[in-house]
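**Student:** give me a 3D structure for the following:
(one chain, ligands or ions: 2)
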Amino acid sequence: MLSVMHTLNTLPFDNSYARLPDGFYSRRVPRPLENPRLAAFNPDVAALLNLDPEEARRPEFVATINSEHPLPGSEPIAMLYSGHQFGHYVPQLGDGRAILLGEVIDPRGERWDLHLKGAGETPYSRSGDGRAVLRSTIREYLCGEAMHGLGIPTTRALCLLDSEEAVYRENAERGALLLRVAPSHLRFGSFEVFYYRSQFQHLKRLADYAIHQHFPQLQDASDPATALFREVNERTARLTAQWQLVGFAHGVMNTDNMSLLGLTLDYGPFGFLDAYNPGFVCNHSDHTGRYAFDRQPRIGQWNLSCLGQALLPLMEGDPGEAAEKANAVLEEYDDHFASHYATGMRQKLGLRDTRPEDGALATDLLKLMSDAGADYTNTFRALADFDSHPEAGNDRLRDRFVDREAFDNWGQRYRRRIQAENSQDSERAARMNGINAHYILRNHLAQNAIEKAEQDRDYSEIEILQTLLKDPFTERSGMEAYAEEPPEGEQRLVVSCSS
Ligand code: AMP
Ligand code: MG
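**Tutor:** Ligands and ions are numbered 1, 2, ... in the order given. Here you go, the predicted model:
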């Protein structure tokens with residue numbers, strides 16, 4: 001069926017969250033930024049919303065987004081939530097600098113939150129200024145596209161506005177607005193806030209809402225709250241497995257940043273691995289390494305235990321039975337994670353069959369990579385070219401490792417393993433190159449885009465990265481530099497949490 005494309009002023013809103021009781025949010029309109037201009041626009045996200053991409057060329061586009069006057073049909077609110085930050089419960093968080101403009105229904109009937117980040121203070125701002133800086137919004141904009149390109153569930157963004165408004169972090173920076181788009185912004189902390197306030201009616205209302213809106217298949221479950229918890233448990237285990245497989249460290253896995261739908265949410269000081277270092281900590285405020293790369297799977301489960309705790313009053317049975325059920329769900333996490341991770345790792349290695357020795361083959365390669373500080377992304381990409389002929393030296397791959405003899409031994413095992421399933425090198429290579437990315441959002445690449453935008457208001461690098469990351473598996477001529485490892489001295493860019 002053909003449908004007419006929308007303009008910003010004709011987007012079909014249906015604001016289900018704003019119809020929930022007042023205690024779920026505060027009504028608040030955005031506070032515009034000074035002299036905004038368009039820094040990035042995402043035609044793919046426009047297509048999701050059935051929004052005419054030509055809208056971005058209209059002079060009114062920027063002013064319409066950067067406005068305290070709601071779009072027709074929108075009902076701006078700041079959502080309430082709380083959460084565990086670095087292991088400690090913080091009773092009130094909420095959208096301190098973002099405003100949910102409303103929910104747009106696409107032609108398939110699916111709904112998309114339009115969420116404006118950096119839109120000024122809200123009742124949940126605490127001591128913050130309600131703003132987001134250009135630097136962090138560029139990173140969030142690009143990483144949403146990078147994750148989407150890698151096939152990992154994520155929030156995305158329709159556009160990014162730069163401005164002339166000074167926003168103070170460690171230094172004076174420029175304020176920016178990111179129009180974020182996601183099927184839902186519900187977080188684990190959205191439930192925790194009502195649990196810890198003993199607002200059990202609100203808690204029940206929220207669970208019913210979440211199930212009705214986002215998990216309708218669970219409506220007829222005998223115990224919907226447990227079924228919801230089981231579903232979120234599965235999705236979170238899958239999401240963390242996907243992060244581990246591509247080498248993504250989120251950096252701030254607090255429960256207020258954990259999506260109920262299993263999306264990658266709230267990009268802050270995230271980082272993709274360059275050299276493989278399992279203990280990689282990307283957030284310079286994370287002094288204990290709580291959110292180190294290799295701790296993410298455990299933290300995912302710990303965060304789920306917080307969600308499970310908050311859902312206990314809704315689970316069927318007496319408190320003892322409810323706790324037992326919640327624990328049984330939590331115990332399923334490891335198996336889900338292990339199964340997604342093992343499947344993904346087999347694909348990265350180009351293996352089709354499942355054999356008992358596969359786990360050790362992967363672990364031993366990772367160990368060699370970690371000993372050598374080999375680049376995580378590029379080493380897996382290079383493995384596609386492994387020549388399984390017994391005489392082949394595989395020198396280009398071999399040179400990535402410090403202990404060449406150990407690599408040769410591993411290579412022998414790998415050769416036997418792929419030959420055992422009658423793998424043909426060229427067919428295997430093609431499969432692997434569709435799994436192991438060529439381009440990832442390395443810190444130094446994002447930094448380069450940020451510096452051009454900050455210094456010269458030159459946004460061209462954002463567009464280049466957006467194009468490459470959208471299809472990170474296809475090598476493009478002239479773009480070799482974008483697949484290179486960071487230059488000397490830029491390997492250890494620390495990322496500030498003050499975004
Ligand atoms: P984050 O760690 O960025 O996910 O943020 C944690 C909490 O702090 C959330 O409630 C945010 O809305 C709030 N927050 C972060 N930065 C600001 C800011 N500049 N102004 C107001 N609130 C903020
Ligand atoms: Mg957050």
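**Student:** and the pLDDT at the closest residue to ligand 1 within the stretch 351-499 of the chain?
**Tutor:** Of all residues in the stretch 351-499 of the chain, Ser499 sits closest to ligand 1, at 6.0 Å by CB to the nearest ligand atom. (C-beta placed from N, C-alpha, C; glycine too.) Note for Ser499: predicted pLDDT of 83.
**Student:** just the element for the closest residue to it other than its chain neighbours, please.
**Tutor:** Of all residues not flanking Ser499 in the chain, Ser136 sits nearest, at 3.3 Å (CB to CB, 6 or more residues apart in numbering). Counting by DSSP states H and E, the element that carries Ser136 is helix 134-149.
**Student:** how about that helix against ligand 1, any contact?
**Tutor:** No. Judged by CB under 6 Å from any ligand atom, helix 134-149 makes no contact with ligand 1; its nearest approach is 8.6 Å.
**Student:** could you identify the helix or strand that succeeds that helix?
**Tutor:** Next along the chain after helix 134-149, taking DSSP H and E as the criterion, comes strand 156-162.
**Student:** quick one on the thing from earlier: residues in contact with the residue of the stretch 351-499 of the chain closest to ligand 1?
**Tutor:** 132-133, 135-136, 139, 169, 268-269 (CB atoms under 8 Å, 6 or more residues apart in numbering).
**Student:** what does Pro70 give?
**Tutor:** The contact partners of Pro70, by CB under 8 Å, 6+ apart, come to 29, 76, 101-102.
**Student:** go again using 7 Å as the cut-off
**Tutor:** Pro70 makes contact with 29, 76, 101 under the criterion CB atoms under 7 Å, 6 or more residues apart in numbering.
**Student:** restricted to strands, list those residues.
**Tutor:** If you go by DSSP state E, the contacts of Pro70 have Leu101 in strands.
**Student:** near ligand 2, which of the contacts of Pro70 show up?
**Tutor:** The subset of the contacts of Pro70 within reach of ligand 2, by CB under 5 Å from the ion, is empty.
**Student:** what about the stretch 51-200 of the chain, any weak spots by pLDDT?
**Tutor:** Along the stretch 51-200 of the chain, the model assigns pLDDT under 70 to no residue.
**Student:** helices or strands next to the lengthiest strand in the chain in the packing?
**Tutor:** Assignment by DSSP E gives strand 172-182 as the longest strand of the chain. Packing partners of strand 172-182 (3 or more CB pairs under 7 Å, 6 or more residues apart in numbering; DSSP states H and E): strand 111-117, strand 132-133, helix 134-149, strand 156-162, strand 166-168.
**Student:** quick one on the thing from earlier: distance of the residue nearest to Ser499 relative to ligand 2?
**Tutor:** Distance, Ser136 to ligand 2, by CB to the ion, to the nearest Å: 12 Å.
**Student:** quick revisit: out of the contacts of Pro70, which are buried?
**Tutor:** Buried members of the contacts of Pro70, scored by 16 or more other CB atoms under 10 Å, are 29, 76, 101.
**Student:** so the last one makes contact with Leu71?
**Tutor:** Meaning Leu101. Yes. The criterion here is CB atoms under 7 Å, and Leu101 meets it with Leu71 at 6.4 Å.
**Student:** which strand residues bridge His115?
**Tutor:** When bridges are called by DSSP bridges, His115 pairs up with Leu100, Arg180.
**Student:** how many other residues sit next to it?
**Tutor:** Residues lying near His115 (other CB atoms under 10 Å) number 22.
**Student:** residues from the stretch 151-300 of the chain in reach of ligand 1?
**Tutor:** Residues of the stretch 151-300 of the chain lying near ligand 1 by CB under 6 Å from any ligand atom: 252, 257, 266, 268.
**Student:** ok, the nearest residue to Pro313 once chain neighbours are set aside to ligand 2 distance?
**Tutor:** Excluding its sequence neighbours, the residue lying closest to Pro313 (CB to CB, 6+ apart) is Phe200, at 5.3 Å. With distances taken as CB to the ion, Phe200 is found 25 Å from ligand 2.
**Student:** measure Phe200 to ligand 1 for me?
**Tutor:** For Phe200, the distance to ligand 1 (CB to the nearest ligand atom, to the nearest Å) stands at 23 Å.
**Student:** so that residue sits right up against Leu312, yeah?
**Tutor:** No. Counting by CB under 7 Å, Phe200 sits too far from Leu312 to count as a contact (10.3 Å).
**Student:** show me which of these two is the more surrounded one.
**Tutor:** In terms of neighbours (other CB under 10 Å), Leu312 is the more surrounded of Phe200 and Leu312; the figures are 17 against 12.
**Student:** show me the contacts for Val232.
**Tutor:** Val232 touches 260, 262, 307, counting by CB under 7 Å, 6+ apart.
**Student:** mark which of those are part of helices, please.
**Tutor:** Leu307 (DSSP state H).
**Student:** from the contacts of Val232, pick the one nearest ligand 1.
**Tutor:** Checking those against ligand 1 with CB to the nearest ligand atom, the nearest one is Leu260 at 15.2 Å.
**Student:** surely the closest one touches Arg187?
**Tutor:** Yes. Taking CB under 7 Å as the definition, Leu260 is a contact partner of Arg187 at 6.4 Å.
**Student:** remind me, longest helix of this structure?
**Tutor:** Secondary structure of the chain read by DSSP H shows that its longest helix is helix 319-348.
**Student:** adding distance to Trp112, write the contacts of Pro70 out as TSV.
**Tutor:** Putting the contacts of Pro70 into TSV (distance: CB to CB, whole Å) gives the following:
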residue	distance to Trp112
Val29	20
Pro76	15
Leu101	11
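**Student:** of the contacts of Pro70, closest to Met479?
**Tutor:** The shortest approach to Met479 among the contacts of Pro70 belongs to Leu101, at 35.5 Å (CB to CB).
**Student:** show me what the most centrally placed residue in the chain is bridged to.
**Tutor:** The chain has Thr264 as the residue nearest its centroid, 2.5 Å off, counting by CA atoms, centre = their mean. Listed by DSSP bridges, the beta-bridge partners for Thr264 are Thr154.
**Student:** tell me the pLDDT of it.
**Tutor:** 99.
**Student:** doesn't Thr154 make contact with it?
**Tutor:** Yes. Counting by CB under 7 Å, Thr264 touches Thr154, with 4.2 Å between them.
**Student:** overlap in contacts of these two?
**Tutor:** By CB under 7 Å, 6+ apart, the residues touching both Thr264 and Thr154 are Met147.
**Student:** residue numbers of the chain in contact with ligand 2?
**Tutor:** With CB under 5 Å from the ion as the criterion, the chain comes near ligand 2 at residues 257, 266.
**Student:** break the chain into its domains for me.
**Tutor:** The chain breaks down by automatic domain parsing into domains covering 8-184, 189-347, 351-433.
**Student:** that older thread, wait, which of the contacts of Val232 is closest to ligand 2?
**Tutor:** Closest approach to ligand 2 among these (CB to the ion): Leu260, at 13.6 Å.
**Student:** many thanks, I have nothing further to ask.
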